[in-house]
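Q: Okay, here's the prediction I keep looking at, along with the sequence it came from:
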Amino acid sequence: MRLKDKIAVVTGGGGGIGEGICLCLAREGAHVVVSDVDMELAERVAAKVSESGQKSLAVQTDVRKADQCQALVDTAIKEFGGLDILVCSAGIMGFSNRDDSDAPLTIENMLESDWDMTIDVNLKGVFLCNRAVIPYFKKRQAGKIINIASVAGRQGVEFLAPYAASKAGVINLSQAVALHMAPFSVNVNVICPGIVWTPMWAQGVQVLTQRSDNFKGVDPEMIFNGIVQTQIPLKRVQMPEDIGNAVVFLVSEEAKEITGQALNVCGGMKLN
Ligand SMILES: NC(=O)c1ccc[n+]([C@@H]2O[C@H](COP(=O)([O-])OP(=O)(O)OC[C@H]3O[C@@H](n4cnc5c(N)ncnc54)[C@H](O)[C@@H]3O)[C@@H](O)[C@H]2O)c1
């Protein structure tokens, strides 16, 4: 119970990794506001948090909208009497509106609208949520922020350029927020997951089978397992709980001297 009665907000909390984060926080005694653009997903995870004995609340939030991000923070404070932890996990892979295309996944085929959508959700969404919580954390002189980036933010990825760029932006933005919040005793860190089987990847491999010359017609599960076997030294897929456990550590007192850092949780896939 390292987080007994702490109040946490998790954006994208209805997603694969978001659920793992919410349940790990709850396991350690936190009460969790589960936020997602998809209210059904948020409610499903909030119900699991409640089943575990902690308080929970589902809130519908589109992280691209400043007023909704502010309302999320305000609601958490009003309903639960405070806020200690913000985790920004909402994200998209970024070719969501090209599912019907078979154009190769190269820069020249990328749609401006895909770029805008990816940056808006993955990077602007983190900015808006971080900005929304800053005045409250400053006033309290306490607080923890975790932004979820990706190993793709460590190095460009040819077929995922907007996604990788957005995640590199999250790492850089988080450093700025960490510097700004350090005088107020607020810790701001990033987690870079490696490869976690979630709805995001299920959709991602589907697109690869349509649009990547290397993977056309290949069974999606084989593609995913192949990537794990060839790119992850530990040769294991990461689980949502692995990301959740890293969040728990970074928001705990044990990590009070850690700020402005990006932690890879990726089985050795990236070494810096
Ligand atoms: N799965 C992986 O292998 C992997 C690897 C590295 C990083 N990540 C990152 O982890 C985070 C979670 O990804 P996941 O794999 O659980 O994906 P997921 O698709 O299961 O979950 C993402 C969640 O974000 C929500 N979301 C999408 N757009 C939103 C918006 N505009 N506002 C609010 N919520 C929105 C979705 O509804 C979904 O529930 C993302 O930031 C992703 O980039 C995932």
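A: Yes, it's here. None of these values were measured; they are calculated from a predicted model. Numbers count the residues shown, from 1 in each chain.
Q: The one residue sitting closest to the centre of the chain: what's its closest spatial neighbour, skipping adjacent residues?
A: Per Cα atoms, centre = their mean, the C-alpha nearest to the average position across the chain is that of S89, at 2.2 Å. Sequence neighbours aside, G12 is the residue nearest to S89 in space, at 3.9 Å (criterion: Cβ to Cβ, 6 or more residues apart in numbering). C-betas here are computed from N, CA, C, even on glycine.
Q: now swap in V228 and tell me
A: Counting by Cβ to Cβ, 6+ apart, the residue nearest V228 is V237, at 5.1 Å.
Q: Now do the contacts for that neighbour.
A: Applying Cβ atoms under 8 Å, 6 or more residues apart in numbering to V237 gives the contacts 195-197, 224, 228.
Q: just the helices in this structure please.
A: 16-27, 39-51, 66-80, 112-119, 125-140, 161-181, 199-211, 220-231, 240-251 (DSSP state H).
Q: most neighbours per residue, which of the ones you listed?
A: The highest mean neighbour count among the helices of the chain, using mean count of other Cβ atoms under 10 Å, belongs to helix 16-27: a mean of 26.
Q: pull the CA atoms of that one into CSV?
A: Extracted in CSV, the C-alpha atoms of helix 16-27 (Å, rounded to 0.1, in the frame of the first residue of the first chain):
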residue,chain,number,x,y,z
GLY,A,16,-4.7,-1.6,-22.5
ILE,A,17,-1.8,0.1,-20.8
GLY,A,18,-4.1,2.6,-19.1
GLU,A,19,-6.0,-0.2,-17.4
GLY,A,20,-2.8,-1.8,-16.2
ILE,A,21,-1.7,1.5,-14.7
CYS,A,22,-5.1,2.1,-13.0
LEU,A,23,-5.2,-1.4,-11.5
CYS,A,24,-1.6,-1.1,-10.2
LEU,A,25,-2.3,2.3,-8.7
ALA,A,26,-5.4,0.8,-7.0
ARG,A,27,-3.5,-2.2,-5.8
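Q: is the ligand contacted by that helix?
A: Yes. Counting by Cβ under 6 Å from any ligand atom, the ligand is contacted by helix 16-27 at 16-18.
Q: same question, stretch 68-82
A: No. Stretch 68-82 is not in contact with the ligand by Cβ under 6 Å from any ligand atom; minimum separation 8.2 Å.
Q: same check, this time on stretch 257-272
A: No. Contact of stretch 257-272 with the ligand (Cβ under 6 Å from any ligand atom) is absent, the minimum separation being 8.1 Å.
Q: If we go by neighbour counts, what in that stretch is buried?
A: By 16 or more other Cβ atoms under 10 Å, the buried positions in stretch 257-272 come out as 259-267, 269-270.
Q: Within range of the ligand, give me the residues from the stretch 1-150 of the chain.
A: 11-12, 14-18, 36-38, 41, 61-64, 89-92, 121, 148, 150.
Q: now do 8 Å
A: By Cβ under 8 Å from any ligand atom, the residues of the stretch 1-150 of the chain that approach the ligand are 11-20, 35-38, 41-42, 61-64, 88-93, 120-122, 125, 148-150.
Q: now those: which count as buried?
A: The buried subset of those - by 16+ other Cβ under 10 Å - is 11-20, 35-37, 41-42, 61-64, 88-93, 120-122, 125, 148-150.
Q: In strands, which of these fall?
A: Counting by DSSP state E, the part of these found in strands is 11, 35-36, 88, 148.
Q: Please name the residues that touch C69.
A: C69 neighbours (Cβ under 8 Å, 6+ apart): 61, 63, 125, 128-129, 131-132.
Q: The helix or strand bottoming out on mean pLDDT in the chain near the ligand at all?
A: Here the helix or strand of the chain ranked lowest by mean pLDDT, DSSP states H and E is helix 199-211, holding a mean of 88. Yes. Counting by Cβ under 8 Å from any ligand atom, the ligand has neighbours in helix 199-211: 199-201, 203.
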